[in-house]
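**Q** 3D model of this:
(one chain, ligands or ions: 3)
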Amino acid sequence: MKTVFSPLHNRRTATTELDGGILIAPHEKPSRAETILSRVKQQQLGDVLPPQEFGLAPVLRVHTQDYVDFLRTSWEDWTAEGKPGEAIPAVWPGRGMRHRVPKDIDGRLGYYSFAAETSITEGTWEAACASADVALTAQALVAGGEPAAFALCRPPGHHAHADLFGGYCFFNNAAISAQAFRDQGARRVAVLDVDFHHGNGTQSIFYQRDDVMTISLHGDPDLVFPHFLGFEDETGEGPGEGFNMNLVYPPGTPFGVWRDGLETACRRIEAYQPDALVIALGVDTFEHDPISFFKLTSADYLLMGERLGKLKLPTLFTMEGGYDVDAIGVNVVNVLRGFESAR
Ligand SMILES: NCCCNCCCCCS
Ligand SMILES: [Mg+2]
Ligand SMILES: [Zn+2]
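**A** Numbering: from 1, shown residues only. Ligands and ions are numbered 1, 2, ... in the order given. A predicted model of the protein is given here:
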């Protein structure tokens, strides 16, 4: 399987993450991508290719122009006001307030985000653009006939809405790729999010559509991020009714239970008969992940990949979460190896 990777992920160098009332070193750090890349090479998974540059057109098929314009100048707008730290949202349009875009950067940071743990810094824009190019390059490989491809994206994307950043995400790489499949002639696309967290951004982007089906398995939002979306009664809206599925699990969930959800998801995908499948691949379902509460082992990722391979669909993997950096390379490549074993 080919991998697409860009060293420009290193432009994403935030040094702060608001957590527990203090600023910690971010969980979403450069060593995540470098460790996965090393494992891909060491395991000889396949060629590693640099991304082509696609520009903003495919990004704007999913994200709004005003959000993209905000992201592009957010760091310079922030520093222009002489702020000493990294750009962190601290005020939001709460219930009963006006949902309009203020002029000031503090107001715009809040308007265009849903969470405060994701600091914007110098280089964030470049890294987010490169991450989208990585996804689109891998998507083009699959659309061009490769049975599968791995987009080693950093920063991740599945929490990003059309005009919201958060959860370490800025551009929704999986959604941008799904839309690219559609724009290139795929009639139906399925996006399956196996990251520990709900793919709230991906769900929201396609929630009223039946041409891109979205499914996510994740920790109970009553207990974990993103807290305010991802419940099982969210099944889609309007034409999209029945084309969103959330499968929610409690603390301590082992693979033996999680795999039943995977089976349900796979059956739903088989019935949907998509022309392409996008897997939002987070491995923060791992038993030792520092911010999650499932109990999957490294060996379980081989079985996860195998089941996904059995779908026999043209498949794009976009890298999402996973924060146990010592194990992330093994776990990610295990999914991809397991996938190939079933093909
Ligand atoms: N105390 C940890 C809070 C983490 N909040 C953001 C989680 C984003 C996961 C991205 S896959
Ligand atoms: Mg998920
Ligand atoms: Zn996650």
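
**Q** could you pull out the strands for the stretch 101-250 of the chain?
**A** 148-151, 189-193, 212-219, 244-249 (DSSP state E, counting those that start in this stretch).

**Q** show me which residues of the stretch 201-343 of the chain sit near ligand 1.
**A** For the stretch 201-343 of the chain, the residues in contact with ligand 1 (CB under 6 Å from any ligand atom) are 225, 282, 284, 291, 320-321. C-beta coordinates here come from the backbone N, C-alpha and C atoms, glycine included.

**Q** which one of the residues you listed is nearest to ligand 1?
**A** The nearest member of those to ligand 1, counting by CB to the nearest ligand atom, is G321 at 2.6 Å.

**Q** with adjacent residues omitted, what lies nearest to whichever residue of the chain sits closest to ligand 3?
**A** Nearest residue of the chain to ligand 3: G321, at 2.9 Å (CB to the ion). Using CB to CB, 6 or more residues apart in numbering and skipping residues adjacent in sequence, the residue nearest G321 is G282, 3.5 Å away.

**Q** measure that neighbour to G21 for me?
**A** 25 Å (CB to CB, to the nearest Å).

**Q** have a look at the two and say which one is more surrounded.
**A** G282 (27 against 5; other CB atoms under 10 Å).

**Q** contacting residues for the more buried one?
**A** 156, 158, 193-197, 319-322 (CB atoms under 8 Å, 6 or more residues apart in numbering).

**Q** now with 10 Å?
**A** By CB atoms under 10 Å, 6 or more residues apart in numbering, the contact set of G282 is 156, 158, 193-197, 199, 218, 289, 292, 318-323, 328, 331-332.

**Q** isn't E237 right up against T214?
**A** No: contact status for E237 versus T214: not in contact, 12.0 Å apart, counting by CB atoms under 10 Å.

**Q** the two: which is more packed in?
**A** T214 (31 against 12).

**Q** so the closest residue to E17 other than its chain neighbours: helix, strand or coil?
**A** Leaving aside its chain neighbours, E17 sits nearest to P26 (4.1 Å; criterion: CB to CB, 6+ apart). When classified by DSSP: H, G, I helix; E, B strand; the rest coil, P26 comes out as coil.

**Q** I figured P26 hits T118, correct?
**A** Yes: using CB under 10 Å, P26 is in contact with T118, at 8.5 Å.

**Q** A115 and G201 touch, don't they?
**A** No: if you go by CB under 10 Å, A115 and G201 don't touch, sitting 11.2 Å apart.

**Q** can you check which residues contact both of the two?
**A** What both A115 and G201 touch, as defined by CB under 10 Å, 6+ apart, is the set 159, 164-167, 169, 226.

**Q** ChimeraX command for the buried members of these?
**A** Typed into ChimeraX, the line below selects the buried ones among those, using 16 or more other CB atoms under 10 Å:
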select :159,164,165,166,167,169,226
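
**Q** most neighbours of all the residues of the stretch 201-343 of the chain next to ligand 1, which one?
**A** E320 (30 neighbours).

**Q** return the distance of it relative to E28.
**A** E320 is 10 Å from E28, by CB to CB.

**Q** which residues are in contact with both of these two?
**A** Joint contacts of E320 and E28 (CB under 10 Å, 6+ apart) are 154-156, 167-169.

**Q** nearest to H63, of these?
**A** Nearest to H63 among the shared contacts of E320 and E28: C169, at 11.3 Å, using CB to CB.

**Q** correct me, but the closest one touches S131?
**A** Yes: using CB under 10 Å, C169 makes contact with S131 at a distance of 9.3 Å.

**Q** how about JSON lines for the residues of the stretch 201-343 of the chain next to ligand 1, with secondary structure and distance to E81 added?
**A** Formatted as JSON lines, those follow (DSSP: H, G, I helix; E, B strand; the rest coil; distance: CB to CB, whole Å):
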{"residue": "F225", "secondary structure": "coil", "distance to E81": "29"}
{"residue": "G282", "secondary structure": "coil", "distance to E81": "34"}
{"residue": "D284", "secondary structure": "coil", "distance to E81": "34"}
{"residue": "I291", "secondary structure": "coil", "distance to E81": "31"}
{"residue": "E320", "secondary structure": "coil", "distance to E81": "32"}
{"residue": "G321", "secondary structure": "coil", "distance to E81": "32"}
